[in-house]
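>>> After the sequence you'll find the predicted model.
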Amino acid sequence: MISFIRLKNTPFGGAENYLKRLTHVLSNKEIDFDIIHSSVPKFLPSWFKALYFNVEACFKKRDIYFSLERISCADIYRAGDGVHRVFIESKKLQTNKISFNPLNWVYCYLEEKCFNHCQHIIANSEMIKKQIINTYHIDSQKISVIYNGIDFPEYNEIEEKQSILNEFNIHHTTRILLFVGSGFKRKGVEEFLHIISDIKTADWVGFVVGKEKKLANYQKLARKLGIHNKVIFTGPRTDVHRFYIAGDIFVFPTHYEPFSNVVLEALYYKNVVFTTDQNGASEILKSEFVFDFNRLNTVSKKIDELFLSSTQLEKLKNNNAELAKQFSIEKNVDQTLSVIDKVFPNSFTQEK
C-alpha cells in the first residue's frame, strides 16, 4: 500500500488541496491508500515541526511513501513546493536581505536529503525540474514533469457574474481586473497595483482577493498610485470562483511559484491571464502573456489593447477556457499513477 505524506491537515494550501483532489479520484477508482499527517503540537515553532515530522514519519515507515513534504525517507516525492534553496535566493534578490529564519536551513537540509534519497521525483513544471537538476545535480531521468490539474465545476456565468456586480455596486460595462492569492509580497500585489495603475482605457475595477497580514501597506500604495477608489481588497473569500467568473483579465506577477493553480482556475473561468516567467504555469501560456519584472509597463499596454478590442478579448477568454480543460485533475492522477506503477509495479491494491 502507498501512504501519502503531508505535515498539515488543513483545508487551505495548494498542496493540501492537491492531496484532497488526488485522493478523491483514487477513492472513486476504489484504490487503497492512507494519509499520514503530523501529530506534533501546533504551538511549536515551524522549524521544529519539520524536523520532528521527518523523524516521526521515517521511524514508523512501513509502506511506500509518496510524499508531498520534504522528508529524508520518501520513495516518491512530489516537489509541489518547488526548490526552497532557489526560493530563498529569489527572496534575497527581492528584499536585499538575508533571512536568518532557522526554518530555511531545515527545509534546505531536508530538501537535499529528500531529493537524493527518493527513487523518483515529480516536478509540476519544467522550471522546477531544471532547478532541481541545477541546484542538487539530480539525474534528469529521475524526474518526471506532471502539470497540476483542477476540477471543472459547472456554473451559471450570467448569474454568478451579476451577483458580484450587485454585491460591489459595479456597472455591467465595467471591466474587471483580478488578482487572487495570499502572501502578497511573494505573489506580486505591489506589481499588480503598479500594472493596473497604468491602464489608460476603459472603465475598470480591480479586485485583490486573499489574506495578508500587512494589508494596510497595500491599501496605502493604492492611495499613492491614485487608484484607491478603483481597487477592492476583499480579504480571504470562500467564493473565489465568483470573482473568476466576473473577471476579464487576471494578472499574477508572482516572484516564485512552482505552478500556480490560480492560473488554471482563471483560465477555466474565461479570464485572459498574465503571469511572470517565475511561475511554472507560464509554460502553458503563449509568450505574449508572460513577462518579467523589467517589463511591467508592457502588460499595461497589452491590457489597454484588449480593452479597446472587445472581440479579441472575448475570443481569448473563450480560448483560455478550452486550454484549461487540457489540465484536469483526472489527467494529473492518471499520469501520477503511471509514475508510481513504473517505479513500484503493482503497488496499489484495488478493492473489488
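Nice, thanks for sending it over. All values reported here derive from a predicted model rather than from experimental measurement.
>>> Got the confidence number for the most centrally placed residue in the chain?
Nearest residue to the geometric centre of the chain (Cα atoms, centre = their mean): residue 260, 2.4 Å. pLDDT for residue 260: 93.
>>> ditto for residue 168
Note on residue 168: pLDDT of 96.
>>> Show the contacting residues for it.
Applying Cβ atoms under 8 Å, 6 or more residues apart in numbering to residue 168 gives the contacts 205, 232. (C-beta placed from N, C-alpha, C; glycine too.)
>>> And it, its phi and psi?
Backbone torsions for residue 168, taken as degrees, to the nearest 10, come to phi -110, psi 10.
>>> Tally up the residues packed near the nearest residue to residue 50 once chain neighbours are set aside, please.
Distances taken as Cβ to Cβ, 6 or more residues apart in numbering put residue 106 closest to residue 50, at 5.0 Å, once the chain neighbours are dropped. Residues lying near residue 106 (other Cβ atoms under 10 Å) number 20.
>>> Skip the chain neighbours and tell me the closest residue to residue 117.
residue 72 (5.7 Å).
>>> Is the one you found in a helix, a strand, or coil?
Three-state call for residue 72 (DSSP: H, G, I helix; E, B strand; the rest coil): coil.
>>> wait, what's in contact with it?
In this structure, residue 72 makes contact with 54, 58, 110, 113, 114, 117, judged by Cβ under 8 Å, 6+ apart.
>>> Residue 240 and residue 102: what is the separation?
In this view, residue 240 and residue 102 are 33 Å apart by Cβ to Cβ, to the nearest Å.
>>> out of the two, which sits in the busier spot?
Set residue 240 next to residue 102 and count neighbours by other Cβ under 10 Å: residue 240 wins out with 18 against 14.
>>> State the mean pLDDT of stretch 77-95.
86.
>>> What of stretch 31-49?
Averaging pLDDT along stretch 31-49 gives 88.
>>> Buried ones in that stretch, by neighbour count?
31, 33, 36, 37, 38, 40, 49 (16 or more other Cβ atoms under 10 Å).
>>> Tell me the one among the residues you listed nearest to residue 64.
Nearest to residue 64 among the buried residues of stretch 31-49 is residue 33, at 9.9 Å by Cβ to Cβ.
>>> If that closest one is in a bridge, with which residues?
residue 2 (DSSP bridges).
>>> Contacts only, for it.
Each residue near residue 33 by Cβ under 8 Å, 6+ apart is listed here: 1, 2, 3, 4, 23, 26, 348.
>>> Please repeat the previous calculation with a cut-off of 7 Å.
By Cβ atoms under 7 Å, 6 or more residues apart in numbering, residue 33 lies in contact with 1, 2, 4, 23, 26.
>>> Any of those buried? List them.
2, 4, 23, 26.
>>> nearest to residue 197, of those residues?
Distance to residue 197 across those (Cβ to Cβ) is lowest for residue 23, with 42.6 Å.
>>> hey, where'd the strands end up in this protein?
2-5, 33-36, 64-67, 76-78, 120-123, 143-145, 175-180, 204-209, 231-235, 249-252, 272-276, 290-291 (DSSP state E).
>>> Okay, residue 233 and residue 16: tell me how far apart.
For residue 233 relative to residue 16 (Cβ to Cβ), the value is 24 Å.
>>> Contact partners for the closest residue to residue 1 other than its chain neighbours?
Leaving aside its sequence neighbours, residue 1 sits nearest to residue 63 (Cβ to Cβ, 6+ apart; 4.9 Å). Contacts for residue 63 were tallied using Cβ under 7 Å, 6+ apart; they are 1, 2, 3.
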